[in-house]
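> coords please:
(chains A and B)
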Amino acid sequence: MRVIQLLPTLSYGDGVGNDVLAIDKLLKENGYDTMIYAENIDSRLPQEIVRYFDKMPRIGEDDIILYHLSTGTQLNYRLSKLGGRKIIIHHNNTPPKWFVPYDKKAESLAAEGEKGIRYLADTAQYCLADSSFNREDLIRAGYRCRIDVLPILIPFEDYRKTPDAAVLERYQEDGFTNIVFTGRIAPNKKQEDVIEAFYYYKKYYNPKSRLFLVGSYGGMERYYGRLQDYVKRLGAEDVYFTGHVRFDAILAYYRLADVFLCMSGHEGFCIPLLEAMSFDVPIVACCEAAVTETLGGSGIGMKERNTLLAAGLIDRVVRDQGLKAHVIQEQRKRLADFDTQKVSAQFLEYLEDFIRQNKKGI
Amino acid sequence: MLTRGWSDGDSGKVDEMGNNMEINIEEIIGEIRKEIQEKGYKETDLSFNDIPIPEAPTPLPVQAPQVPQDNTQEELKGVLDYLSANYAHDILLPFSSSNPVAGFVKKLVRKLVRFLFYPVLARQNAVNSSMISALNILAAGYGTKNETEQKIAALQEKVNALEAELNRLKEQKAQK
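This next block holds a predicted model:
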């Protein structure tokens, strides 16, 4: 019996890529015969752990395919024709409506993703969803198989690496309060609301503050242009779009952060929340989609999308050291739920359960 | 359907939005609302919806902005913006063909050569991505260059003043 991980694109350093690599390591450590196959492979990844999909061997009846579902791709349609037992790991697909005014290609890819999710409803014998929000997504799409919730595996040890010194040197200990949001520039992340909340914070509470929006805007140039125009027309100063930066630079921005502000409208999990937690950065967030669940009672969650209120909450958590300490303490407790060993053990338990209950050809 | 859920956190009692009730967020929010009202903090009249959506960027290939002669930070940022937005290439660029047969042939050829170009493009995109990251870091360093030069100039002035003061004191001592 082999356990094959399959996905359209294996990127270096993104959430799904890290999850795939962590599962690969875990399976190997536990004696499984395993391999990763992808249609597109980041060249920074070693060939001995991942191969191109067209090199995938014939799948035996007792083999298991772990298919990572997150976007529109032809693989969604080819999966059902492959042999073996199929487990789908659902990482969420951003609904196409978010991209409608900005990018036709992203919109059609997201629409294809939605179709793919529905198409695979009868193919999956078992599903793992990153969050209950994603599980609901599958249920709405007609999945009738067993669906368990298991968070994405995050390599927290990577966050202890050395942050970029140039970024730290430039901004640290200069008396400014740093508000940070990390994540690609995308309409579903509603960076316009992050900007607006920061604008109020700077105007009404703390003129010596700055906002870092850390993330690539590749593919979302029109949304990025609109955000830049918004910053200009608001007259908001000290708003920095970093663009695509290296991992050590991301670490530096977390180190600089006084508050992590998340106003996302759609997230299937939201890894940056856990990243902020691991850096002891208090979180102020708008509780929509999977954000509430990932926060799990920690951070400061807002019931409503109110940027003026967000500004007030930022001010409060920055000034009130008791509140800040309490928020960080709760975040640490929540972060423990996502401990790599804990999630790994749960993954193996779910996999072994599936193998026991779906024995084939052995 | 059988489902098992992941922990929602055990950090104490939580309200329906998942907030820890020990912090009493509702009370804090109430205080902030009161403060906003008392101090007359107003929301801006400008809505994000009022901002027009810019035109789609010119499809590649285009003439990339040239690195400016005077290397001003603003212009350097423009070049970096362009590079950051265009570093990744996609084999699935849209075809502009009015002839459906020609369009079909182009698509067919693209499918046939996909196996050849996809890995090459993926590798090139990864290299481009690393280069953009490096350039962004260098640009961040360039941004601090002027600040460093200003600091050096200020220190030089201080040194000059201290040297002048020292010389003056030496002269005074010699006269005594």
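> contacts, neighbours, all on C-alpha from now
Fine.
> residues contacting residue 176?
As the question left the chain open, I've gone with chain A. Each residue near A:F176 by Cα atoms under 8 Å, 6 or more residues apart in numbering or on different chains is listed here: A:208-210.
> swap in A:T71?
Residues in contact with A:T71 (Cα under 8 Å, 6+ apart) are A:92-93, A:109-110, A:112-114, A:116.
> Check the spacing between the residue nearest to A:P95 when sequence neighbours are not counted and A:G84 real quick.
Using Cα to Cα, 6 or more residues apart in numbering or on different chains and skipping the chain neighbours, the partner closest in space to A:P95 is A:A110 (6.0 Å). As defined by Cα to Cα, to the nearest Å, A:A110 lies at a distance of 27 Å from A:G84.
> so what's the residue nearest to A:P95 up against?
For A:A110, the residues meeting the contact criterion (Cα under 8 Å, 6+ apart) are A:71-72, A:93-96.
> go again using 10 Å as the cut-off
Listed by Cα atoms under 10 Å, 6 or more residues apart in numbering or on different chains, the contact set of A:A110 reads A:70-73, A:93-99, A:104, A:116.
> can you check B:S129 too?
Residues counted as contacts of B:S129 (Cα under 10 Å, 6+ apart) are A:244-246, B:83-84, B:86-88, B:123, B:135.
> which residues in the stretch 101-250 of chain A form strands?
If you assign secondary structure with DSSP state E, counting those that start in this stretch, the strands in the stretch 101-250 of chain A sit at A:126-129, A:146-149, A:177-182, A:209-214, A:239-243.
> Tell me which residues of the fourth one come out buried.
What it means is strand A:209-214. Counting neighbours by 16 or more other Cα atoms under 10 Å in any protein chain shown, one finds that the buried residues in strand A:209-214 are A:209-214.
> go on, the last one?
Going by neighbour count (16+ other Cα under 10 Å), the buried part of strand A:239-243 is A:239, A:241-243.
> tell me which strands and helices it is in contact with?
In terms of contacts (3 or more Cα pairs under 10 Å, 6 or more residues apart in numbering or on different chains; DSSP states H and E), strand A:239-243 is packed against strand A:177-182, helix A:191-200, strand A:209-214, helix A:221-234, helix A:247-256, helix B:73-86, helix B:100-175.
> how about TSV for the ones you listed, with distance to A:N40 and mean pLDDT added?
As requested, those are exported to TSV (distance: least, Cα to Cα, whole Å; pLDDT from 0 to 100):
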stretch	distance to A:N40	mean pLDDT
strand A:177-182	25	97
helix A:191-200	29	97
strand A:209-214	25	96
helix A:221-234	23	93
helix A:247-256	21	94
helix B:73-86	19	72
helix B:100-175	7	84
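> For A:L309, find the nearest of these.
For the helices and strands packed on strand A:239-243, distance to A:L309 was read as Cα to Cα. The smallest value, 7.9 Å, belongs to helix A:191-200.
> So that closest one, near chain B or not?
Yes: Helix A:191-200 is in contact with chain B by Cα under 10 Å from any Cα of the partner chain, via A:192-193, A:196-197, A:199-200.
> quick one on the thing from earlier: mind giving me the PyMOL select for the contacts of B:S129, buried ones only?
When burial is assessed using 16+ other Cα under 10 Å, the buried subset of the contacts of B:S129 is captured in PyMOL by this command:
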select buried, (chain A and resi 244+245+246) or (chain B and resi 83+84+86+87+88+123+135)
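> Tabulate the CA atom coordinates of stretch B:139-146 in PDB.
The C-alpha atoms that make up stretch B:139-146 are tabulated as PDB, following Å, rounded to 0.1, in the frame of the first residue of the first chain:
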ATOM      1  CA  ALA B 139      15.800  48.600  -2.100                       C
ATOM      2  CA  ALA B 140      15.000  48.600   1.600                       C
ATOM      3  CA  GLY B 141      18.700  49.000   2.300                       C
ATOM      4  CA  TYR B 142      18.900  51.800  -0.300                       C
ATOM      5  CA  GLY B 143      16.200  53.500   1.500                       C
ATOM      6  CA  THR B 144      18.300  53.600   4.700                       C
ATOM      7  CA  LYS B 145      21.300  54.900   2.700                       C
ATOM      8  CA  ASN B 146      20.100  58.500   2.700                       C
END
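> what's it in contact with?
A:165-167, A:169-171, A:242, B:71-74, B:76-77, B:80, B:133-138, B:148, B:150-152.
> and that stretch, how far from the chain's centre?
Distance of stretch B:139-146 from its chain centroid, counting by Cα atoms, centre = their mean, to the nearest Å, is 15 Å.
> Buried residues, it. List them.
Quick answer for stretch B:139-146 (16+ other Cα under 10 Å): B:139-142, B:144.
> which of these sit farthest apart?
Spatial extent of those (Cα to Cα) is set by the pair B:A139 and B:T144 at 8.7 Å.
> what's the neighbour count on residue 111?
In the absence of a named chain, this looks at chain A. Residues lying near A:A111 (other Cα atoms under 10 Å in any protein chain shown) number 19.
> that's the wrong chain, I meant chain B
If you count neighbours by other Cα under 10 Å, B:K111 ends up with 13.
> From chain A, how far off is it?
The spacing between B:K111 and chain A, counted by Cα to the nearest Cα, to the nearest Å, is 12 Å.
> Can you give me the distance of A:A252 to A:K161?
Counting by Cα to Cα, the gap between A:A252 and A:K161 amounts to 10 Å.
> Mind checking which of the two has more residues around it?
Summary of the neighbour comparison: A:A252 and A:K161, criterion other Cα under 10 Å, with A:A252 having more neighbours (20 against 11).
> Just give the nearest non-adjacent residue to that one, would you?
Across the structure, with Cα to Cα, 6+ apart as the measure, the residue nearest A:A252 apart from its sequence neighbours is A:P163 (4.7 Å).
> do you know how far that neighbour is from chain B?
To chain B, A:P163 is 12 Å away according to Cα to the nearest Cα.
> if I read this right, that residue contacts A:Y253, doesn't it?
Yes: in terms of Cα atoms under 10 Å, A:P163 counts as a neighbour of A:Y253; the distance is 8.4 Å.
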